[in-house]
Each structure stands twice: as C-alpha cells, then as structure tokens.
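> Build me a model:
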Amino acid sequence: MSAWRAVKARQVLAALQRLGWQIIWQRGSHRRLAREGWPNYTFAFHDSDEVGPALLSRISKYTGLRPEDL
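Okay, the predicted model is just below:
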C-alpha cells in the first residue's frame, strides 16, 4: 500500500510553500516554483484538482515532499 493519499492540489501547493518553495511565475493554473538548492519545478494543477498517490510520489522526487508534510 502506498504511503501517499489523494489530496487537493491546493493542499499540495501549501505543503510545498511550507517547505520553502516560492511561486516565481504564474499563468493560469501553471505555477513555476523555486527553492534554494533545487531545480525549478512547474506545478500545473487547478486548486480544486485531486492529486492521486502515483502523481504525489512523482512530485516528491522533484521537490522533497513527504507524506507527513501534507
């Protein structure tokens, strides 16, 4: 069983911001995030979209997000 659970995109974005990611660019639902020591990451979800476990796992590889951060 996966350690991840499905959550709304707004919760994922809030967790990333708590980890130090900052929005440096936005156009519609596409946001470019930046954090010191990490490559930029494009977060392309509407706030009400549900992000599933598989996608959360992929996001975590690029951002350092952990299940307990949500």
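
> got a pLDDT number for Ala14?
Listed pLDDT for Ala14 reads 97.

> should've said Ser2
At Ser2, pLDDT is 74.

> Am I right that it is in contact with Ser57?
Yes. If you go by Cβ atoms under 8 Å, Ser2 and Ser57 touch, sitting 7.1 Å apart. Placement of C-beta: from N, CA and C, glycine included.

> ok, these two, which is more surrounded?
Ser57 (14 against 11; other Cβ atoms under 10 Å).

> where's the more buried one relative to Arg5, distance?
Ser57 is 11 Å from Arg5, where distance means Cβ to Cβ, to the nearest Å.

> I would like the residues contacting the strand or helix carrying Arg10, please.
For Arg10, the host element (DSSP states H and E) is helix 9-18. Contacting residues not belonging to helix 9-18 are listed as 23, 31, 33, 43, 45-51, 56, 59, 63, 65, 69-70 [Cβ atoms under 8 Å, 6 or more residues apart in numbering].

> cool, stretch 30-50 as well?
Outside stretch 30-50, the residues that touch it by Cβ under 8 Å, 6+ apart are 6-10, 12-13, 16, 19-26, 29, 51, 59, 62-64.

> What are the buried residues along it?
The neighbour-count check on stretch 30-50 (16 or more other Cβ atoms under 10 Å) flags 31, 33, 35, 41, 43, 45 as buried.

> same thing with stretch 52-69?
Across stretch 52-69, burial judged by 16+ other Cβ under 10 Å covers 55-56, 59-60, 63, 65.

> so the nearest residue to Trp25 once chain neighbours are set aside is in which element?
The shortest distance from Trp25 to any non-neighbouring residue, by Cβ to Cβ, 6 or more residues apart in numbering, is to Arg32 (4.0 Å). If you go by DSSP H and E, Arg32 is part of strand 30-35.
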